[in-house]
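Engineer: quick one: sequence and predicted model below, then my questions.
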Amino acid sequence: MASLDIALLRSFMIIARSGSISAASARIGRTQSALSMQMRRLEDEVGQPLLHRSGSGVRVTAAGERLLVHAERIVAAHDEAVADLVGTGLIGKVRFGCPEDYCYAFLPGLVRSFCAYHPAVEVEIIAAPTSELQPLLHRHQIELALVSVPDAAAPGVIRSESLVWVGDGPEPEVLRQDVLPLALAAPNTLDHRLACYAMASIGRRYRVAYAANGLAGLISVVRSGQAVSVMTRTAVPPDLAIVSDRLPPLTTIGITLAFADGHRSAAAEALGNHIRSVLPTL
């Protein structure tokens with residue numbers, strides 16, 4: 001059997017993650033025709049189709065899914081070997097997922113200190129709720145992620161965070177409404193579920209008046225004075241206020257680190273160790 005070309009495997013990994021050859025082309029600065037030719041060469045080498053092409057993009061075939069797992073391990077081992085032999089230190093790229101409120105509160109300190117230790121490692125950050133990060137880990141589209149868990153005392157928790165009600169002041173006008181308007185993230189997110197459970201526990205009438213996929217949208221609604229929202233305490237902007245009057249207490253959640261199954265690159269392992277060491281101190 002012919003040997004597998006590292007350059008072809010790199011291109012295959014990027015196309016598989018991007019979902020289209022055009023997106024991969026823009027990302028790595030090669031023409032679509034050049035990438036398509038590379039994929040045909042790689043399919044010839046393995047003797048099986050790796051990508052299913054359609055008008056909306058490409059998806060990985062069953063054989064492509066199997067190769068993707070091997071490609072991640074082969075390319076990571078190659079980069080580690082090169083770094084060790086030429087003495088350049090840790091190099092490579094790591095794809096890291098993080099909920100947006102943790103990006104706001106912790107990421108500047110985490111990335112600044114990690115890059116000081118490993119300046120040749122490129123960190124690609126994907127900001128999304130825990131409910132969206134778990135499937136990305138399963139599909140190997142990210143290598144590791146900070147995720148929220150409802151039990152702050154669960155094994156593997158690195159740091160605990162209090163959830164708090166947030167308004168445009170300590171006693172926002174919307175509290176006077178019989179049915180309290182809330183601004184919450186998607187229904188499958190932990191903060192949404194815990195907020196609704198807390199309101200139901202005291203029989204307080206409420207409605208989800210505003211929904212936003214990101215922290216910026218929730219903050220904007222709260223600043224308008226039209227609703228109360230839920231955030232982690234460390235993510236509350238200085239111009240907003242924690243609201244405790246006439247609202248039920250919220251629970252404390254845990255933050256843990258999750259990895260994609262299979263081989264971990266040296267860059268992912270180093271970032272994970274760094275997060276475990278630094279996050280509790282931020």
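Structural biologist: In hand now; what should we look at?

Engineer: switch to C-alpha atoms for all contacts and neighbour counts from now on
Structural biologist: Will do.

Engineer: quick one, helices of the stretch 101-250 of the chain?
Structural biologist: For the stretch 101-250 of the chain, the helices defined by DSSP state H, counting those that start in this stretch occupy 130-138, 190-201, 215-223.

Engineer: right, and those helices - which one's nearest His274?
Structural biologist: Across the helices of the stretch 101-250 of the chain, His274 has its closest neighbour in helix 130-138 (19.2 Å, C-alpha to C-alpha).

Engineer: what helices and strands are in contact with that closest one?
Structural biologist: Applying 3 or more C-alpha pairs under 8 Å, 6 or more residues apart in numbering; DSSP states H and E, we find helix 130-138 packed against strand 92-98, strand 144-149.

Engineer: which residues touch the first one?
Structural biologist: Counting by C-alpha atoms under 8 Å, 6 or more residues apart in numbering, the neighbours of strand 92-98 from elsewhere in the structure are 76, 79, 120-130, 133, 141-147, 265, 267-268.

Engineer: low-scoring stretches of the chain, by residue?
Structural biologist: In the predicted model, the chain carries pLDDT under 70 at residues 1-2, 80, 83-89.

Engineer: state which helix of it is the longest.
Structural biologist: helix 62-86 (DSSP state H).

Engineer: centre of the chain to that one, how far?
Structural biologist: Computed by C-alpha atoms, centre = their mean, to the nearest Å, the chain-centroid distance of helix 62-86 equals 22 Å.

Engineer: would you map the strands across the chain?
Structural biologist: For the chain, applying DSSP state E gives strands covering 51-54, 57-60, 92-98, 121-127, 144-149, 157-167, 180-184, 206-211, 228-232, 241-243, 252-259.

Engineer: mind putting those into JSON lines with distance to Gly217 and mean neighbour count?
Structural biologist: Conversion of the strands of the chain to JSON lines gives the following (distance: least, C-alpha to C-alpha, whole Å; neighbours: other C-alpha atoms under 10 Å):
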{"stretch": "strand 51-54", "distance to Gly217": "34", "mean neighbour count": "14"}
{"stretch": "strand 57-60", "distance to Gly217": "30", "mean neighbour count": "18"}
{"stretch": "strand 92-98", "distance to Gly217": "17", "mean neighbour count": "21"}
{"stretch": "strand 121-127", "distance to Gly217": "14", "mean neighbour count": "16"}
{"stretch": "strand 144-149", "distance to Gly217": "20", "mean neighbour count": "23"}
{"stretch": "strand 157-167", "distance to Gly217": "13", "mean neighbour count": "21"}
{"stretch": "strand 180-184", "distance to Gly217": "9", "mean neighbour count": "23"}
{"stretch": "strand 206-211", "distance to Gly217": "8", "mean neighbour count": "16"}
{"stretch": "strand 228-232", "distance to Gly217": "11", "mean neighbour count": "24"}
{"stretch": "strand 241-243", "distance to Gly217": "17", "mean neighbour count": "21"}
{"stretch": "strand 252-259", "distance to Gly217": "22", "mean neighbour count": "20"}
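
Engineer: okay, these in a markdown table with distance to Pro108 next?
Structural biologist: Putting these into a markdown table (distance: least, C-alpha to C-alpha, whole Å) gives the following:
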| stretch | distance to Pro108 |
| --- | --- |
| strand 51-54 | 37 |
| strand 57-60 | 34 |
| strand 92-98 | 12 |
| strand 121-127 | 12 |
| strand 144-149 | 14 |
| strand 157-167 | 17 |
| strand 180-184 | 25 |
| strand 206-211 | 27 |
| strand 228-232 | 17 |
| strand 241-243 | 23 |
| strand 252-259 | 17 |
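
Engineer: so which of those strands comes closest to Arg27?
Structural biologist: Comparing those by C-alpha to C-alpha, strand 121-127 comes nearest, at 12.2 Å.
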